[in-house]
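Turn this into a model:
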Amino acid sequence: MVMIFGKPLILLYGQLTLGLINGAFYALLSLGLAVIFGLLNVINFAHGALFMLGAFVTWGLLQYLGIGYWAALVIAPIIVGAFGVVLEKLLIQRLHGLDHLYGLLLTFGCALVIEGLMRNEFGSSGVPYAIPSALRGPLNLGFMVLPLYRAWVVVAAAVVCLVTWLLIEKTRLGATLRAATENAPLVQAFGVNVPRLVTLTYGAGVGLAAFAGVLAAPMNSVNPNMGSNLIVVVFATVVIGGMGSILGSIVTGFGLGIVEGLTKVYYPEGSATVVFVVMVIVLLLRPAGLFGRAA
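Next up, the predicted model:
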């Protein structure tokens, strides 16, 4: 048996793969948070609840309307994104210009309300969602066998992250969004409806969380606590990458997943806290984060 630093190579491969899968969710969720914070200056603590809502919408589409997984990949983010637009128009918009703490408290309260309603309706154990037939079975990588659905999650998350980064960094729309965060009155003077742009951007960030929820639905039971279990690690990911940094969220999300996987192999007791240890080290050495800009 091949060994690396006293551990079987197959065990290392397995944990690195699992870490990459976790990293895919960290990257997608932190990307949505970075979009919302970087372009709206709002710390969206409801992100985990909206991720969970995406999974429940996916389940509801199949249960009540017979709409399967592939269509849900598009429909669920649109539905939850529209809910985010309503949330921004009715509540969050009123806090623009105020301290970040107000937005954090408001979105934290929204998360508690959403999770409480879903828990009251479906209970804490949640509901099952089957893996689509086209993605069932194993994928032989040569050095290990990986469930096909988990490989799909990594690929889908990487593609969505790349497309989002290209859209914001390399297109005229992205340039307009970035300019609106720097000088909204000037951008509005050129005829751009900045409030509408802000609202749609919030909806897009929420849609990214919902897309992650669709990907997560077949992997575990769809339950009201699935977002709250992830959100603290996701916020740590955003802080390490740099608040508002799109590239930082993507790279750090996948990177932390791999670091977690390595930790589970060589020091399992520290796997639950390694992300926060990394966050402390990064903040001590570079307070703005790895890809962030100093205030």
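
all helices for this structure, in order.
9-40, 47-65, 69-90, 100-122, 148-170, 172-182, 184-189, 194-216, 228-241, 246-266, 274-285 (DSSP state H).

can I assume Ala288 is in contact with Gly244?
No: counting by CB atoms under 8 Å, Ala288 sits too far from Gly244 to count as a contact (10.0 Å). Any C-beta I mention is one placed from the backbone N, CA and C, and that applies to glycine too.

The two: which is more packed in?
Taking other CB atoms under 10 Å, Ala288 and Gly244 do not tie; Gly244 has more neighbours (22 against 16).

Quick check: chain neighbours aside, which residue is closest to that one?
Gly38 (3.0 Å; CB to CB, 6 or more residues apart in numbering).

repeat for Ile258
That would be Gly19: by CB to CB, 6+ apart, it lies 4.8 Å from Ile258.

again with Val35
Closest residue in space to Val35, ignoring its immediate chain neighbours: Gly205 at 4.2 Å, by CB to CB, 6+ apart.

how near is the one you found to Glu269?
Between Gly205 and Glu269 the computed distance is 35 Å (CB to CB, to the nearest Å).

and Gly174, how many neighbours?
Applying other CB under 10 Å, we find 17 residues neighbouring Gly174.

next one: Arg172
For Arg172, using other CB under 10 Å, the count is 7.

Can you check what pLDDT the model gives it?
For Arg172, the model assigns a pLDDT of 87.

With the one 10 residues further on instead?
The per-residue pLDDT reported for Glu182 equals 72.

List the buried residues for stretch 93-102?
Leu95, Tyr102 (16 or more other CB atoms under 10 Å).

got it, and stretch 145-157?
Taking 16+ other CB under 10 Å as the criterion, stretch 145-157 shows Leu146, Pro147, Tyr149, Arg150, Ala151, Trp152, Val153, Val154, Ala156, Ala157 as buried.

one step back: show the contacting residues for the residue nearest to Gly244.
Neighbouring residues of Gly38 by CB atoms under 8 Å, 6 or more residues apart in numbering: Thr181, Met243, Gly244, Ser245, Ile246.

Let me see the domain layout of this protein.
Using automatic domain parsing, the domain parsing of the chain gives 37-224, 227-295.

Could you dump the contacts of Gly38 into CSV and include distance to Leu104?
Formatted as CSV, those follow (distance: CB to CB, whole Å):
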residue, distance to Leu104
Thr181, 18
Met243, 12
Gly244, 15
Ser245, 19
Ile246, 21
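
Which member of the buried residues of stretch 145-157 is positioned nearest Ile258?
Val154 (11.5 Å; CB to CB).

what sits against the nearest residue to that closest one once chain neighbours are set aside?
Excluding its sequence neighbours, the residue lying closest to Val154 (CB to CB, 6+ apart) is Ala24, at 4.9 Å. By CB under 8 Å, 6+ apart, the residues touching Ala24 are Val153, Val154, Ala156, Ala157, Ala158, Leu215, Gly253, Phe254, Gly257.

State the distance from Ala24 to Leu200.
Counting by CB to CB, the gap from Ala24 to Leu200 is 25 Å.

and what of Phe291?
25 Å.

got it, and Leu141?
40 Å.

More neighbours: which of the two?
Neighbours were counted for Leu141 and for Leu200 using other CB under 10 Å; Leu200 has more, 16 against 11.

Looks like that one contacts Val85 (just checking).
Yes: counting by CB under 8 Å, Val85 is a contact partner of Leu200 at 7.0 Å.

quick one: low-confidence ranges for the protein?
1-11, 143, 293-295 (pLDDT under 70).

As JSON lines, the domains of the chain with distance to Ser30 would be great.
Output for the domains of the chain, formatted as JSON lines (distance: least, CB to CB, whole Å):
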{"stretch": "domain 37-224", "distance to Ser30": "9"}
{"stretch": "domain 227-295", "distance to Ser30": "4"}
